[in-house]
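K.L.:
Attaching a predicted model along with its sequence, questions to come.
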Amino acid sequence: MKDPWRHWEHIGVWSLALLPLSLLYCAAGGLRRWFYRRGYGRVHALSVPVVVVGNVTVGGTGKTPFTAWLCAQLIAAGMRPGVVLRGYGGRNRHVLRVAPTTDPRIAGDEAVLLARRTGVPVIASPDRVRGAQALIWEGCDVIVADDGLQHYRLGRRVEIGILDGKRRFGNGLCLPSGPLREGRSRWGSLDFQVTQGTPVAGEWGMTLAGAEACAVGGDERVPVKTLGRVHAVAGIGNPGRFFAYLEELGLEVVAHAFADHHNYVAGDLIFAGADPVVMTEKDAVKCERFARPGLWYLPVTATVDLEIARRIVARLTAKE
């Protein structure tokens, strides 16, 4: 899989050739946001507060682990969160209550992963407003909208952006010339900016870490460093970060990158030799149906300053 970030890290011939499309994309995004902020588009205000977690760049920032961390903090604060998301990569076109056992080919890999990691109600729906309302009917008193920054129909109390601290904004251009989903100024408009890696002034840092490999489709767990030489598989927004982390843990890595949300088949995980295969947890939920010995995944957990949790809860519980 070719990584478009090799073009997005700087302004070159490729990005300049696509610049007219990039300017149109950025203008359309800005116009759409202005349209809703001015009241020309209907913004659905719900009976409970909504916190949106999303990206201003193309994915691979650690948004899903952060969402799981945030749900745990909201529960610790005595709240009853629920998660709504589109369910990207799944076939579902309706309001779907996602269980830990739901087929990720229907609900999407992130929806199933969040249902497993959080233990809170998770709804996958192309219509996030209807999905959020379904969560309220289930008794949720706060809605976490995963990957919803650009979904302006859904009103929100708090906006949180997640950024890759190494890639940051790349060449600063919108798609397709660069990695931005909206103009660069959108980052500064968010209530909280969370950076995976080293933050700059005004941002909150987040680290992702995991050192124990779990058998795909099984219960066995081993220290990941004991696996030695591995075939590393990743179908996420930034596969290189996963491969680099495995190397930091002391593994000899043979990397195999796939497109984000790749729909795996058994043959994708067959390689020469007897070395074990290690994948991300998001990939693993899609590979359980053809699990076999030698397939492992590495779950990671987000660590974030608890002060941001306190401030988010304060925003959510404040009277408007």
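P.N.:
Looks like it came in fine.
K.L.:
CA only for contacts and neighbour counts going forward, please
P.N.:
Will do.
K.L.:
May I have the helix or strand hosting Leu246 as PDB, with CA atoms only?
P.N.:
Secondary structure assignment for Leu246, by DSSP states H and E: helix 239-248. Extracted C-alpha coordinates of helix 239-248, given in PDB (Å, rounded to 0.1, in the frame of the first residue of the first chain):
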ATOM      1  CA  PRO A 239       0.700   1.800   9.800                       C
ATOM      2  CA  GLY A 240       4.200   3.100  10.200                       C
ATOM      3  CA  ARG A 241       3.600   4.300  13.800                       C
ATOM      4  CA  PHE A 242       2.500   0.700  14.700                       C
ATOM      5  CA  PHE A 243       5.600  -0.900  13.000                       C
ATOM      6  CA  ALA A 244       7.900   1.600  14.700                       C
ATOM      7  CA  TYR A 245       6.400   0.900  18.100                       C
ATOM      8  CA  LEU A 246       6.900  -2.800  17.700                       C
ATOM      9  CA  GLU A 247      10.600  -2.200  16.900                       C
ATOM     10  CA  GLU A 248      10.900   0.000  20.000                       C
END
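K.L.:
Outside of it itself, list whatever touches it.
P.N.:
The contact list for helix 239-248 (C-alpha atoms under 8 Å, 6 or more residues apart in numbering) reads Gly60, Ala232, Ala234, Glu252, Val253, Ala255, Ala257, Phe258, Thr280.
K.L.:
Neighbour-wise, give me the winner out of those.
P.N.:
Of all the contacts of helix 239-248, the highest neighbour tally under other C-alpha atoms under 10 Å goes to Ala234, namely 26 neighbours.
K.L.:
If I follow the layout properly, it ends up in contact with Glu281?
P.N.:
No - using C-alpha atoms under 8 Å, Ala234 is not in contact with Glu281, being 9.4 Å away.
K.L.:
picking that back up, quick one: which of the contacts of helix 239-248 is nearest to Glu220?
P.N.:
Using C-alpha to C-alpha, Thr280 is the member of those that lies nearest Glu220, at 15.9 Å.
K.L.:
who's in contact with the closest one?
P.N.:
Val233, Ala234, Phe242, Tyr297, Leu298, Pro299.
K.L.:
do you know how far the fifth one is from Val277?
P.N.:
Just to be clear, that refers to Leu298. Going from Leu298 to Val277 by C-alpha to C-alpha, to the nearest Å gives 11 Å.
K.L.:
ok, now the second one?
P.N.:
To Val277, Ala234 is 11 Å away according to C-alpha to C-alpha.
K.L.:
Over to the last one?
P.N.:
Note on Pro299: its distance to Val277, by C-alpha to C-alpha, is 14 Å.
K.L.:
Any stretches of this protein with poor pLDDT?
P.N.:
Residues of the chain meeting the criterion pLDDT under 70: 1-2, 320.
K.L.:
Domain map for it?
P.N.:
Domains of the chain are assigned by automatic domain parsing as 5-207+303-317, 211-299.
K.L.:
how many other residues sit next to Gly202?
P.N.:
With neighbours defined by other C-alpha under 10 Å, the count for Gly202 comes to 10.
K.L.:
Report how many residues lie close to the spatially closest residue to it that is not a sequence neighbour.
P.N.:
Ranked by C-alpha to C-alpha, 6 or more residues apart in numbering and with sequence neighbours excluded, the top spatial neighbour of Gly202 is Gln193, at 7.4 Å. Look at Gln193: counted by other C-alpha under 10 Å, it has 20 neighbours.
K.L.:
Check Asp164 too.
P.N.:
Residues near Asp164, counting by other C-alpha under 10 Å: 24.
K.L.:
Who does it form a beta bridge with?
P.N.:
As for beta bridges, Asp164 partners with Gln196 under DSSP bridges.
K.L.:
Show the contacting residues for it.
P.N.:
Gly60, Thr61, Gly62, Thr195, Gln196, Gly197.
K.L.:
hmm, 6 Å instead?
P.N.:
Residues in contact with Asp164 (C-alpha atoms under 6 Å, 6 or more residues apart in numbering) are Thr61, Thr195, Gln196.
K.L.:
out of those residues, which is most surrounded?
P.N.:
Highest neighbour count within those, by other C-alpha under 10 Å: Thr61, with 27 neighbours.
K.L.:
And Asp268, how far from His256?
P.N.:
Relative to His256, and taking C-alpha to C-alpha, Asp268 is found at 9 Å.
K.L.:
likewise Trp8?
P.N.:
21 Å.
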